[in-house]
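A.B. asks: Predicted model and sequence below, questions to follow.
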Amino acid sequence: MPKRRFIVHLDMDAFFAAIEQRDNPDLRGRPVVIGADPKAGKGRGVVSTCSYEARKFGIHSAMPISTAYQKCPQAVFLEPDMEKYSGVSDRIMEIFYAFTHAVEPVSVDEAFLDISDTYIHFGTPPQTCLLIKSRIKEVTGLTASIGLAPNKLAAKIASEINKPDGMVEVTPENLLAFLRPLDLKKIWGLGEKSRLILNKAGIKTIGELADRNIREIVALFGKTGAYFWQLANGIDEREVESGTEAKSISNEFTFDEDTSAVPEIRAALLSLCERVSSRLRQAGCKGKTITLKIRFADFETFTRAVTIKESTNSVDMLYRKIKLLADGFSIKRKRVRLVGVKVSGLLPLDIQGILFKSESENRSEKLYQAIDEIREKFGYDSIYRSSTGITRK
């Protein structure tokens, strides 16, 4: 018989908002929204996450921040502190590795774990899940929700069923009964357009998809249709991809008002390059592919990327490449709404590379290490770079 798999999906509860409530007792029990400044209902940007108290007012992730304000003007609106959240995330990931080396981070606040080979050291699989939850609570003061299932699809769905601070187990015996009544949107990777096509064919639940002939679904979507049909029938052989590090580091900025002012756009890009550069150094890595994201007032969005020969985390190199990519767009007739900077193709710092750095590279790196230390002690905005140099507030 094939070996039984025990796949865990763990999702932190209202992660960013929960951290802020943990660190500030005055926020506990209050609606907290993490995102851009709402500016009394006229702000730009979207909700990153919100507390469960805020969700009672109909607020949710990716909602325009202005809409969130209209729904609950008495909420506490906070800008994200990604450095702090990433630090908490790192501690949680360390806990995971104490239970298994088969860990696949999905984002800063969720991950898949395969405990098939290791649960025996901690009791039963459900006992192992409860122990993981208790360790997270003990170390971070935060709660998590867990789904335990024979495959990744069911584990992810199960983790959403009993939030917050919940745990749901799906066994091989009740797998199909668990999946069949659920809406198609629960199938991870099946997008809105695909759901509409299936809805027009009279298919609205996972069970209805499972009951159709696979050839009918393949006729609609090709090979992807066979994949969707298999998932609906509880067939998901995807492995937990252990040992993967962050594939990219990025930051975005939404202007308060759409702009075509080149100095304003370049200042935003420089600030983004600084933030990405700092996060790369904190993660102990460099990247080779530098990507610019630009969104215009009509929401038309473009990305442009360049791959360099040597990996870097240098703000100077990032900004040089990003500026060249940005200069390739004509903004005379279009106003810019959002810009973003991403570095991918990440690799750990190469010790040999460090030994053969030029003197100027070493000076530059020491300078930015000192800047990182100042920001860690006094806050990110305590020191910044302008067109005339580095300035301390």
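C.D. replies: Looks like it arrived, so ask away. Numbers count the residues shown, from 1 in each chain.
A.B. asks: Does Arg44 belong to a helix, a strand or coil?
C.D. replies: Of the three states, Arg44 takes coil according to DSSP: H, G, I helix; E, B strand; the rest coil.
A.B. asks: For it, the count of nearby residues, please.
C.D. replies: Counted with other C-beta atoms under 10 Å, the neighbours of Arg44 add up to 19. Glycine gets a C-beta too; all of them are placed from N, C-alpha and C.
A.B. asks: Spit out the contact partners of it.
C.D. replies: Contact partners of Arg44, counting by C-beta atoms under 8 Å, 6 or more residues apart in numbering, are Ala36, Ile65, Ser66, Thr254, Phe255, Asp256, Glu257, Arg337.
A.B. asks: and if you look at Phe299?
C.D. replies: With contacts defined as C-beta under 8 Å, 6+ apart, the neighbours of Phe299 are Arg337.
A.B. asks: mind checking which helix or strand of this protein has the lowest mean pLDDT?
C.D. replies: Lowest mean confidence among the helices and strands of the chain (mean pLDDT, DSSP states H and E): helix 351-355, at a mean of 39.
A.B. asks: Is it correct that Thr303 falls within a helix?
C.D. replies: No - counting by three-state DSSP, Thr303 falls outside a helix, being strand.
A.B. asks: Phe15: what's it in contact with?
C.D. replies: Each residue near Phe15 by C-beta under 8 Å, 6+ apart is listed here: Thr49, Tyr85, Val88, Val108, Asp109, Leu142.
A.B. asks: 6 Å instead, please
C.D. replies: Contact analysis of Phe15 by C-beta atoms under 6 Å, 6 or more residues apart in numbering lists Asp109.
A.B. asks: Likewise for Ile19?
C.D. replies: Val88.
A.B. asks: For it, pull up the helix or strand it's in.
C.D. replies: According to DSSP states H and E, Ile19 maps onto helix 15-23.
A.B. asks: quick one: buried residues of that helix?
C.D. replies: Phe15, Phe16, Ala17, Ala18, Ile19, Glu20, Gln21 (16 or more other C-beta atoms under 10 Å).
A.B. asks: who touches the third one in this structure?
C.D. replies: In this case it means Ala17. Val32, Ile34, Thr49, Cys50, Ser51.
A.B. asks: And for the last one, the neighbour number?
C.D. replies: Read it as Ser51. Using other C-beta under 10 Å, Ser51 has 26 neighbouring residues.
A.B. asks: ok, now the one 5 residues further on?
C.D. replies: Applying other C-beta under 10 Å, we find 12 residues neighbouring Lys56.
A.B. asks: Then Asp13?
C.D. replies: Other residues within reach of Asp13, judged by other C-beta under 10 Å, total 18.
A.B. asks: That one touches Thr143, doesn't it?
C.D. replies: Yes - checked against C-beta atoms under 6 Å, the pair Asp13 and Thr143 is within contact range at 4.8 Å.
A.B. asks: Please confirm that Trp158 is located within a helix.
C.D. replies: Trp isn't right for residue 158; it's Ala. Yes - under three-state DSSP, Ala158 falls within a helix.
A.B. asks: how about the helices in the stretch 1-150 of the chain?
C.D. replies: Residue ranges of the helices in the stretch 1-150 of the chain, as given by DSSP state H, counting those that start in this stretch, are 15-23, 52-55, 65-71, 82-97, 125-140.
A.B. asks: per-residue confidence averaged over the shortest one?
C.D. replies: Rounded to a whole number, the mean pLDDT of helix 52-55 is 98.
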